[in-house]
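Asks: predicted model and sequence follow; I will ask about them next.
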Amino acid sequence: MVRVEFLGPIQKEPLELYITNLNELAEILKKDATMQEWLENSAVAVNDTLVSSRDFPLKDGDRVALLPPVCGG
Amino acid sequence: MVRVEFLGPIQKEPLELYITNLNELAEILKKDATMQEWLENSAVAVNDTLVSSRDFPLKDGDRVALLPPVCGG
Amino acid sequence: MLYLYDGALDVPRILKEWYEQETSSNYGAYIPFVGTVRSEGGIDGLSFDIYEPILNSWFDAWSEKAKAKGAIIKMAHSRGDVMLHESSYIAAVFSPKRRVALEFIDEFVEDFKASAPIWKYDLKGGKRIYALDRSTAIKGSGILQ
Amino acid sequence: MLYLYDGALDVPRILKEWYEQETSSNYGAYIPFVGTVRSEGGIDGLSFDIYEPILNSWFDAWSEKAKAKGAIIKMAHSRGDVMLHESSYIAAVFSPKRRVALEFIDEFVEDFKASAPIWKYDLKGGKRIYALDRSTAIKGSGILQ
């Protein structure tokens, strides 16, 4: 099982999903109308490391986070 | 009369001279062997404003200063 | 070192502590950058969410870059609410040489703005409103779209 | 404002005073640059001569440049002896915006090093030795040669 968390301003509870890569996560999240904008402008981290490809494989116990646009300071 | 001061590390007492421009000052200072190096690397201010030409005219009461290489901080 | 505080930063105390921590380290230059909440757009203040695990690894990577140049960095940031004219952010570089310090503080602060996992909200009329228009998508965003 | 002190600077106190002076001025960025005496070449410390009339006019010209960008500058410098690991110099920029502050502190500090009428001496074995090798001839030097 993979845990998916939505950080900062994304108002969505964490998901626990049986998925094996980020492509599968994308297909699931695209069905959520409230997520459209966030999918366009959010980065993705797996186990707290940013990833750059949707083919990234996931294994049982992985943690995925969506990071929307940032503005520290 | 024009007063000439030597700033920072230049070990020379002030001079009081009857001169009408910086060319005349240059001629006088070139005769002082201890001033050779300072003439090469010093800037010149008249009445606390840096000047860029040796033709700069001087009048009675002007103050000239020689500023050797700087290193604040 | 990275320091997170609830609410506004005590800037004089932090600048003093950092200065004193490095007093014998033989660094010639110390440059802190202090960020303060400005009055604009009718806000009462700002509020911040921080995702610490990724902030820590981002900061560690910058510490390594600093080390490679013989420098060190320190950073402090607020969590939660910070009101007008209070400060929420300090980044600092200590370096033997001034050129390294002047260049590094610029790169470090700019990358912080572009990459650090911190989210800013305007506090306005009792509401907490995400400052999307002033936010930057992290490099590589959009891979799930 | 330009502040000259006999001997080493009380850095925490000065950084605090400047911060508090501008606490309600609505500047978003405050960047001080602090210069500290490094142990190198076997020195015991440094010593400084300052020619104040020209330093004041140089500083006033930079204050005008800052004003044109909506920023302000402050500077503190030591006169006389400053020992190892003590600080002799602080330059600071306050600005509404961070880019202006980051660029201005760099230009201001670099021109200070190249132009400000201050002379540095090494303190070594009880002697005060002019640091010619680390000094910069002011622009336009040599017109009398």
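Replies: Arrived safely, thanks for sending.
Asks: ok, how many other residues are close to C:Asp44?
Replies: Neighbourhood size, C:Asp44 [other Cβ atoms under 10 Å in any protein chain shown]: 15. Bear in mind the C-beta positions are built from the backbone N, C-alpha and C, glycine included.
Asks: cool, and the one 10 residues further on?
Replies: Burial measure for C:Ile54: 22 neighbouring residues, criterion other Cβ under 10 Å.
Asks: is any part of the longest strand anywhere in chain C close to chain D?
Replies: Within chain C, and with DSSP state E defining each element, the longest strand by residue count is strand C:72-83. No. Judged by Cβ under 8 Å from any Cβ of the partner chain, strand C:72-83 makes no contact with chain D; its nearest approach is 12.0 Å.
Asks: that strand: which residues count as buried?
Replies: C:72-79, C:81-82 (16 or more other Cβ atoms under 10 Å in any protein chain shown).
Asks: dump those residues to TSV, plus pLDDT and distance to C:Gly41.
Replies: Conversion of the buried residues of strand C:72-83 to TSV gives the following (pLDDT from 0 to 100; distance: Cβ to Cβ, whole Å):
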residue	pLDDT	distance to C:Gly41
C:Ile72	98	36
C:Ile73	98	31
C:Lys74	98	31
C:Met75	98	26
C:Ala76	98	25
C:His77	98	22
C:Ser78	98	19
C:Arg79	98	22
C:Asp81	98	16
C:Val82	98	15
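Asks: of the residues you listed, which is the nearest to chain A?
Replies: Using Cβ to the nearest Cβ, C:His77 comes nearest to chain A of these, at 6.4 Å.
Asks: need the per-residue pLDDT for A:Ala65.
Replies: Note for A:Ala65: predicted pLDDT of 98.
Asks: just the element for it, please.
Replies: For A:Ala65, the host element (DSSP states H and E) is strand A:63-67.
Asks: does that strand reach chain C?
Replies: Yes. Legend: contact between strand A:63-67 and chain C by Cβ under 8 Å from any Cβ is shown at A:65-67.
Asks: find the residue at the geometric middle of chain C.
Replies: Centroid check for chain C by Cα atoms, centre = their mean gives C:Tyr89 as the closest residue, at 4.4 Å.
Asks: helix or strand: which one has the nearest residue to it once chain neighbours are set aside?
Replies: Counting by Cβ to Cβ, 6 or more residues apart in numbering or on different chains, C:Gly35 is the residue found nearest to C:Tyr89 once chain neighbours are left out, at 3.6 Å. Secondary structure here is read from DSSP H and E; on that basis C:Gly35 sits in strand C:29-36.
Asks: next SSE downstream of that strand?
Replies: Along the chain past strand C:29-36, the next helix or strand (assigned with DSSP H and E) turns out to be strand C:45-50.
Asks: and that following strand, C-alpha only, in PDB?
Replies: Extracted C-alpha coordinates of strand C:45-50, given in PDB (Å, rounded to 0.1, in the frame of the first residue of the first chain):
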ATOM      1  CA  GLY C  45      -0.100  39.500   8.400                       C
ATOM      2  CA  LEU C  46       1.100  36.300   6.800                       C
ATOM      3  CA  SER C  47       0.900  32.600   7.800                       C
ATOM      4  CA  PHE C  48       3.200  29.800   6.900                       C
ATOM      5  CA  ASP C  49       3.000  26.000   6.500                       C
ATOM      6  CA  ILE C  50       6.300  24.100   6.300                       C
END
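Asks: what's the angle from the helix or strand just after that strand to strand C:72-83?
Replies: Reading on from strand C:45-50 to the C-terminus, the next helix or strand found by DSSP H and E is helix C:52-68. For helix C:52-68 against strand C:72-83, the angle between stretch directions is 140 degrees (axes from the mean of the first three to the mean of the last three Cα atoms, to 10 degrees).
Asks: buried ones in helix C:52-68?
Replies: C:54-55, C:58-59, C:62-63, C:66.
Asks: and it, how far out from the chain middle?
Replies: Relative to the chain's own centre, helix C:52-68 is displaced by 12 Å; criterion: Cα atoms, centre = their mean, to the nearest Å.
Asks: same question for stretch C:22-37.
Replies: Centroid displacement of stretch C:22-37 relative to its chain, using Cα atoms, centre = their mean, is 13 Å.
Asks: need the residues of strand A:63-67 next to chain C in TSV (columns: neighbour count).
Replies: As requested, the residues of strand A:63-67 next to chain C are arranged in TSV below (neighbours: other Cβ atoms under 10 Å in any protein chain shown):
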residue	neighbour count
A:Ala65	25
A:Leu66	23
A:Leu67	26
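Asks: between those, which sits nearest chain C?
Replies: When the residues of strand A:63-67 next to chain C are compared for distance to chain C (Cβ to the nearest Cβ), A:Leu67 wins out at 5.6 Å.
Asks: which residues does that closest one bridge with?
Replies: On the basis of DSSP bridges, A:Leu67 takes part in beta bridges with A:Ala43.
Asks: try C:Tyr3
Replies: Beta-bridge partners of C:Tyr3, as defined by DSSP bridges: C:Ala76.
Asks: residue contacts, the closest residue in space to C:Glu52 that isn't next to it in sequence?
Replies: For C:Glu52, ignoring the flanking residues on the chain, the nearest one in space by Cβ to Cβ, 6+ apart is C:Leu4 at 7.2 Å. Shown in contact with C:Leu4 (Cβ atoms under 8 Å, 6 or more residues apart in numbering or on different chains): C:50, C:52, C:76-79.
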